[in-house]
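Chemist: What would the 3D arrangement of this be:
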Amino acid sequence: MPSYIIRRLLLIIPTVFVAISFLFLLFYALPGDPATLIAGGADRNPNPIQIQQITEQYGLDDPIWKQFLNYWNDVLHGDLGQSYQRGQSVNDILKDKAPNSIRLAFWAFVLEVIVGISVGLYSAIRRYSVADKITTIGTAAVSAVPVFVLGFILQYLFAVVPNKRGWPDWMQLRTSGISAPRTDEEWFLFFIPTGPDQWRYLVLPAITLASVSTALAARMMRGSMLEVLGADYMRTAKAKGLNERQVVGRHGLRNAMLPVITLLGIDLGATIGSAVLTETVFSWPGLGSTIADAVQDRDLPVVLGLTLAVVVAYSLINLMVDVSYAWFDPRVRLGAGSDS
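Modeler: Sure thing, here's the model as predicted:
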């Protein structure tokens, strides 16, 4: 097991290098002059002297290979660069935005685990019942609805309508931001919002971000559990006189969870950096929306620095998922072939 973990950690290095190098080279394949955009854009007819100063300041006149080597040299020294547009260190931007994305991803993941696994498990146990049919139709419908459409629908139903009709204040959820004002933002144990009415800003984006993943988790849990319920060892357990709860809890759930764990791990890693639509719809100041804005502004250091953090987080989460297999299924021996 230790050797397996070390090998997987070492594999993160080429993964990060290839991903960031690809983005770096792709940046120079895009049309437009970065210095002109930094100076205000071609539409504003920026001063050529200003453009030249910006070019020299950020080393944009150096050969691409030299800029490439300089960037990785800075990264190895813990410096992710300086934002072209914000005039702010990318390290500071990462420190400011990453906690917001992690919190949103955490609550979306909690919803996915609790609702997705529970609904899928119940649907499998009550196969062909009315509840099973409703669950199957509901999960299929949720999976088909685009995230940004669902976000706008939830905003209207749980924020706009309650406000127009004068519903109780606690029923009026918020449509944008993370708190009002940001100075009132408070978190207990990093994840629990404790600021004034702060939870109302978190509910809708968390549900929106978790919606599709929860539906997929429920469907996968149902299918996996149905396969396990038909296994010989499950019938043997029933023949021994165990009740349904004991059979499912002791013998079925762990085995049925194996494919679901993979999906949950992928979703957790993805939600941290790919929640662009959700963060944009709800004006949530996280990594996804910041990367999207940086791409539009051709702000290369921000795109590379935040993407690097996302790739590392995603790789580490996948490693945790693989290691967790050994706990859910003792038959799994990670790296056993090479260690023996």
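Chemist: switch to C-alpha atoms for all contacts and neighbour counts from now on
Modeler: Noted.
Chemist: Now do the buried residues in the helix or strand where Ser101 lies.
Modeler: Element membership for Ser101, per DSSP states H and E: helix 90-111. Within helix 90-111, the residues that qualify as buried are 90-91, 93-94, 97-111, counting by 16 or more other Cα atoms under 10 Å.
Chemist: Give me the mean pLDDT for that helix.
Modeler: For helix 90-111, mean pLDDT rounds to 93.
Chemist: could you say what helices and strands it packs with?
Modeler: Helix 90-111 sits against helix 199-229, helix 253-273, helix 287-296, helix 300-328, with contacts defined as 3 or more Cα pairs under 8 Å, 6 or more residues apart in numbering; DSSP states H and E.
Chemist: what angle separates the last one from helix 90-111?
Modeler: The reference is to helix 300-328. Per axes from the mean of the first three to the mean of the last three Cα atoms, to 10 degrees, the angle that helix 300-328 makes with helix 90-111 is 40 degrees.
Chemist: by contact count, what packs against helix 300-328?
Modeler: Judged by 3+ Cα pairs under 8 Å, 6+ apart, the packing partners of helix 300-328 are helix 2-29, helix 90-111, helix 253-273, helix 287-296.
Chemist: would you turn these into JSON lines with distance to Phe158?
Modeler: What follows is those, written out as JSON lines (distance: least, Cα to Cα, whole Å):
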{"stretch": "helix 2-29", "distance to Phe158": "39"}
{"stretch": "helix 90-111", "distance to Phe158": "18"}
{"stretch": "helix 253-273", "distance to Phe158": "23"}
{"stretch": "helix 287-296", "distance to Phe158": "23"}
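Chemist: what's the closest of those to Ser315?
Modeler: Nearest of the helices and strands packed on helix 300-328 to Ser315, taken as Cα to Cα: helix 2-29 at 6.4 Å.
Chemist: tell me the angle of that closest one relative to helix 287-296?
Modeler: Computed by the same axes, to 10 degrees, the angle between helix 2-29 and helix 287-296 is 30 degrees.
Chemist: any idea of the mean pLDDT in helix 2-29?
Modeler: 84.
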